[in-house]
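Novice: Fold the following.
(2 chains)
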Amino acid sequence: GAGVSQSPSNKVTEKGKDVELRCDPISGHTALYWYRQRLGQGLEFLIYFQGNSAPDKSGLPSDRFSAERTGESVSTLTIQRTQQEDSAVYLCASTQGWDNEQFFGPGTRLTVL
Amino acid sequence: DQQVKQNSPSLSVQEGRISILNCDYTNSMFDYFLWYKKYPAEGPTFLISISSIKDKNEDGRFTVFLNKSAKHLSLHIVPSQPGDSAVYFCAASLYNTDKLIFGTGTRLQVFP
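Specialist: Sure, this is the predicted structure:
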């Protein structure tokens, strides 16, 4: 079956602009995660959705970052007024919710000029 | 505060030899550990995992060892193959949660 997909694969934007990144999880997966990987660093947790529960936003680095998820489907990560330090690969992962194994998408490489 | 640490950013191993990737953690409440492999321009893929009730789990060429008293786990790859060249991430989770805490990764290069 289809894996986790993300779009766009690459995004170049100017400082101060807003960007929206999309994640399509594996069908039936109740949990969805967003991570960020900046150059030379590990995977940084951003936000976690589990079913209809309130999302865990503890990893969002500032109030410029927000994410939404409609039911158990698509999620969008929005970064407002982008800064150069936002440049990173943004990864989405999904899981069935009872299994720790997370399935990752290919990521969106964001470059803020 | 980095709860999961991979202190070696890179490792270079000859084909056919053993690769040993190390991971240390600080939170004794972690009860499940995973290794992920990541190729450039791709998302991480699950490799192998271990529960805290075990000290070893083996899957083909890959073996993960867990030393709870030392809060240390390691991934052994033997024999190493050039296709194993990738970044390896260690991850840990707390009991009854799905949230994973990742280490910073170790880049493995297997040369012929």
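
Novice: use CA for all of it now, contacts and neighbours both
Specialist: OK.

Novice: could you check the distance from the residue nearest the centre of chain A over to residue A:22?
Specialist: By CA atoms, centre = their mean, the mean C-alpha position of chain A lies nearest to residue A:34, the distance being 3.3 Å. Using CA to CA, to the nearest Å, we find residue A:34 at a distance of 10 Å from residue A:22.

Novice: Can you work out which residues contact both of the two?
Specialist: Listed as contacting both residue A:34 and residue A:22 by CA atoms under 8 Å, 6 or more residues apart in numbering or on different chains are residue A:77.

Novice: State the mean pLDDT of the helix or strand containing the residue nearest to the centre of chain A.
Specialist: Using DSSP states H and E, residue A:34 falls within strand A:31-37. The pLDDT scores in strand A:31-37 average 93.

Novice: Next SSE downstream of that strand?
Specialist: Downstream of strand A:31-37, the next assigned helix or strand under DSSP H and E is strand A:44-50.

Novice: which other residues reach that next one?
Specialist: A:30-37, A:55-61, A:67, A:69, A:97, B:99, B:101-102.

Novice: Now with 7 Å, please.
Specialist: Outside strand A:44-50, the residues within contact range by CA atoms under 7 Å, 6 or more residues apart in numbering or on different chains are A:30-37, A:55-60.

Novice: so which of these is the most crowded?
Specialist: Neighbour tally across the contacts of strand A:44-50 (other CA atoms under 10 Å in any protein chain shown): the maximum, 31 neighbours, falls on residue A:32.

Novice: residues near the closest residue to it other than its chain neighbours, how many?
Specialist: Nearest non-adjacent residue to residue A:32, counting by CA to CA, 6 or more residues apart in numbering or on different chains: residue A:94, 4.3 Å away. By the criterion of other CA under 10 Å, residue A:94 has 28 neighbours.

Novice: sorry, back to before: and the residue nearest to the centre of chain A, what does it touch?
Specialist: A:45-48, A:91-93.

Novice: Just name the closest of the residues you listed to residue B:2, please.
Specialist: Among the contacts of residue A:34, residue A:45 lies closest to residue B:2 (CA to CA), at 12.1 Å.

Novice: follow-up on the earlier one: out of the contacts of residue A:34, who's the most crowded?
Specialist: residue A:92 (32 neighbours).

Novice: what distance separates the helix or strand harbouring it from the centre of its chain?
Specialist: In the assignment (DSSP H and E), residue A:92 maps to strand A:88-95. Taking CA atoms, centre = their mean, to the nearest Å, one finds the center of strand A:88-95 at 5 Å from the center of the full chain.

Novice: and the helix or strand that that strand is followed by, which strands flank it?
Specialist: Counting by DSSP H and E, the next helix or strand C-terminal to strand A:88-95 is strand A:103-104. Here strand A:103-104 has these sheet partners by DSSP bridges: strand A:88-95 (antiparallel).

Novice: Quick one: mean pLDDT for the partner strand?
Specialist: Across strand A:88-95, pLDDT averages out at 93.

Novice: Burial check on the residue nearest to residue B:20 when sequence neighbours are not counted, number of neighbours?
Specialist: Nearest non-adjacent residue to residue B:20, counting by CA to CA, 6+ apart: residue B:76, 4.6 Å away. Residues contacting residue B:76 under the criterion other CA under 10 Å number 18.
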